[in-house]
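I would like to see how this sequence folds:
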Amino acid sequence: QVVLVESGGGLVQAGGSLRLSCAVSGRTFSTYVMGWFRQAPGKEREFVGGITWSGSTSYADSVKGRFTISRDTKNTVYLQMNSLKPEDTAVYYCAARDGGIVLRSQERYTYWGQGTQVTVSS
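Alright, predicted model coming up:
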């Protein structure tokens with residue numbers, strides 16, 4: 001069984017930064033494609049970005065240049081969020097799929113974390 005646990009959410013002022021972490025346990029982490037998604041109140045969950053096992057990344061246009069995804073060899077993936085805006089307020093989820101490329105459709109991800117709240121005040 002694969003378990004994903006996010007951490008690092010919180011309250012930050014506009015223009016500030018946060019770093020989210022997603023710890024992965026279970027099967028071989030190195031083969032997974034990891035994705036980050038978010039869901040704001042009253043809105044559908046949307047793709048934020050993702051990273052392949054080889055380190056290739058892909059981002060939504062709304063966060064490109066502000067957010068950075070990385071992964072280490074200790075089964076953890078990170079979402080560094082800079083220049084945060086009030087519209088970035090959402091519950092952030094990490095997700096995993098076995099191999100392949102970063103896909104933007106949440107249906108293509110098999111495993112999900114419980115989510116962590118990020119609130120950006122104006």
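
now stretch 43-57: how far from the chain's centre is it?
Averaging C-alpha positions (CA atoms, centre = their mean, to the nearest Å) puts stretch 43-57 6 Å from its chain's average.

partners of the most centrally placed residue in the chain in the sheet?
Nearest to the geometric centre of the chain sits residue 36, at 2.5 Å (CA atoms, centre = their mean). Residue 36 has the following beta-bridge partners by DSSP bridges: residue 49, residue 94.

repeat that for residue 6.
Beta-bridge partners, per DSSP bridges, of residue 6: residue 22.

thought the residue nearest to the centre of the chain was touching residue 88?
No: applying CB atoms under 8 Å as the test, residue 36 and residue 88 come out as separate, 11.8 Å apart. (C-beta placed from N, C-alpha, C; glycine too.)

all strands of the protein, in order?
Taking DSSP state E, the strands of the chain run over residues 3-7, 10-13, 18-25, 32-39, 46-51, 57-59, 67-71, 76-81, 90-98, 111-112, 116-121.

quick one: closest of the ones you listed to residue 105.
Smallest distance to residue 105 across those (CB to CB): 7.6 Å, for strand 46-51.

show me what the closest one is packed up against.
Applying 3 or more CB pairs under 8 Å, 6 or more residues apart in numbering; DSSP states H and E, one finds that strand 46-51 makes contact with strand 32-39, strand 57-59, strand 67-71, strand 76-81.

same thing but 7 Å
Applying 3 or more CB pairs under 7 Å, 6 or more residues apart in numbering; DSSP states H and E, we find strand 46-51 packed against strand 32-39, strand 57-59, strand 67-71.

measure residue 4 to residue 65 for me?
Here the criterion is CB to CB, to the nearest Å. By it, residue 4 lies 26 Å from residue 65.

with residue 26 as the reference, measure out to residue 75.
Separation of residue 75 from residue 26 (CB to CB) stands at 9 Å.

now do residue 122
On the measure of CB to CB, residue 122 and residue 26 end up 39 Å apart.

and residue 32, bridged to which residues?
In this structure, residue 32 bridges to residue 98 when assessed by DSSP bridges.

give me the number of residues near it?
As a burial measure, residue 32 scores 27 neighbours (other CB atoms under 10 Å).

any weak-confidence spans in the protein?
By pLDDT under 70, the low-scoring segments of the chain are 28-30.
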